[in-house]
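Colleague: the following block contains a protein sequence and its predicted model.
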Amino acid sequence: MNAGRPALCERGLDGSPRAPATEGEGFRVGTSTTSTGSTPTAEGMRGHAAEFAERLVARSGLPLDFSAGSLRVVDRIVDGLRRGGTTDRGRAAGTLFGLGAYVGEVLVRRCGAVWIDLDPGQRELFGQPVGVRMPDGRVWNPLGKVVNRFTLGPEESAHTFFLTLHGRARPEAAA
């Protein structure tokens, strides 16, 4: 294990390592909250992702168009949070949640995924209340992918996650 890196406690269903979520880091174990402090549900994720992207584009002019290529921008935003000295996940929680919602919505729009409320076992595994189900039935954790990028660094790329993702619908079916 590399010095200075957090200990890994498990792997998510997507095979990516997960850093342990602990109380006091801005997240309650097994939960995530929206910017309003409410626990997110699958029903509200599309709207949350769209609102987050709209606000970020208006404020920064970043090209967040829900394309696969825009996930490189997500990776750079998370890297900027890390370089800017934000090491406390709690302080970055709202931004990380918004970016995770955005990544999930790219999967919905481009791959035919659907937002789902995770069952208790999935919530415990992923540390999140919502995820996406791909057309082949696989469940993925886009919120956790963004948190992993923040916690673990560049080897946890949202863009690479999209490109190597199993279970996508054919492009004509994901329109």
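Modeller: Yep, that arrived. Residues are numbered from 1 along each chain as shown.
Colleague: mind giving me the packing neighbours of whichever helix or strand residue 160 is part of?
Modeller: Following DSSP states H and E, one finds residue 160 within helix 158-163. In terms of contacts (3 or more Cβ pairs under 8 Å, 6 or more residues apart in numbering; DSSP states H and E), helix 158-163 is packed against helix 70-83, helix 89-111, helix 142-152. (Glycine included, C-beta is placed from N, CA and C.)
Colleague: how about a cut-off of 6 Å?
Modeller: helix 70-83 (3 or more Cβ pairs under 6 Å, 6 or more residues apart in numbering; DSSP states H and E).
Colleague: now the helix it packs on: mean pLDDT?
Modeller: Across helix 70-83, pLDDT averages out at 94.
Colleague: also stretch 39-55?
Modeller: 96.
Colleague: which residues of this structure score low on pLDDT?
Modeller: Residue ranges of the chain with pLDDT under 70: 1-37, 86-87, 167-175.
Colleague: any idea which helix or strand carries the nearest residue to residue 102 once chain neighbours are set aside?
Modeller: Nearest non-adjacent residue to residue 102, counting by Cβ to Cβ, 6 or more residues apart in numbering: residue 49, 5.0 Å away. Following DSSP H and E, one finds residue 49 within helix 42-60.
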